[in-house]
Each structure stands twice: as C-alpha cells, then as structure tokens.
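*Asks:* following is a predicted model, sequence given first.
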Amino acid sequence: MLSVHGVSGYPKSRDGRSKEDRYDSEGWMEYEFKLKGFNYDQSIEIIVSKQK
C-alpha cells in the first residue's frame with residue numbers, strides 16, 4: 001500500500017518533508033513501486049522499476 005504523508009494543517013511547501021519522505025515506495029519481487037503524485041479521487045503517478 002502506497003501513501004502520501006504530510007503534516008495536518010500545513011501545505012506541502014511548509015511542512016518540512018522531502019519528496020522521499022512524503023511519498024512511499026514499496027518492493028514486490030524484483031520490482032519497486034514509487035508513488036510520485038496523488039490527486040484525491042482523480043489520479044495517481046507511480047513509477048515502476050525492475051531491480052537488478
């Protein structure tokens with residue numbers, strides 16, 4: 001399960017989190033799934049890469 005993390009009441013620009021800290025990544029077998037963007041009820045951006 002991939003999630004977006006932030007600080008309640010603060011916009012992304014002021015909550016002090018880096019992109020790596022804000023968006024989860026998850027491994028499955030030889031693949032890595034990285035969440036790169038999330039727009040509730042509209043879209044998500046995920047990067048899928050095969051690990052060597």
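*Replies:* Looks like it came in fine. What you see is a predicted model, and the numbers here were worked out from it, not measured in a lab.

*Asks:* what's the nearest residue to Ile30 if we skip its chain neighbours?
*Replies:* Not quite, residue 30 is Glu, not Ile. Spatial nearest neighbour of Glu30, excluding adjacent residues (Cβ to Cβ, 6 or more residues apart in numbering): Gln51 at 5.0 Å. In short, each C-beta sits where N, CA and C put it, glycine included.

*Asks:* torsion angles phi and psi at that neighbour?
*Replies:* Backbone geometry at Gln51, expressed as degrees, to the nearest 10, gives phi -80, psi 150.

*Asks:* wait, it sits on Gly27?
*Replies:* Yes. Using Cβ atoms under 8 Å, Gln51 is in contact with Gly27, at 7.4 Å.

*Asks:* what ranges do the helices span in the protein?
*Replies:* Taking DSSP state H as the criterion, the chain carries its helices at 19-22.

*Asks:* which residues touch the residue nearest to the spatial centre of the chain?
*Replies:* A centroid search over the chain (Cα atoms, centre = their mean) returns Tyr23, at 2.3 Å, as the residue closest to the centre. Contact analysis of Tyr23 by Cβ atoms under 8 Å, 6 or more residues apart in numbering lists Leu2, Val4, His5, Lys34, Leu35, Lys36, Gly37, Phe38.

*Asks:* those, buried ones only, as a ChimeraX selection?
*Replies:* Provided next is the ChimeraX selection string for whichever of the contacts of Tyr23 are buried by 16 or more other Cβ atoms under 10 Å:
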select :34,35
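
*Asks:* and which of the contacts of Tyr23 is nearest Lys19?
*Replies:* Proximity of those to Lys19 was ranked by Cβ to Cβ; the top entry is Lys36 with 8.1 Å.

*Asks:* tabulate the contacts of Tyr23 (a markdown table), appending distance to Ser13 and pLDDT.
*Replies:* Output for these, formatted as a markdown table (distance: Cβ to Cβ, whole Å; pLDDT from 0 to 100):
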| residue | distance to Ser13 | pLDDT |
| --- | --- | --- |
| Leu2 | 22 | 83 |
| Val4 | 15 | 79 |
| His5 | 15 | 78 |
| Lys34 | 21 | 90 |
| Leu35 | 19 | 88 |
| Lys36 | 17 | 87 |
| Gly37 | 15 | 84 |
| Phe38 | 16 | 83 |
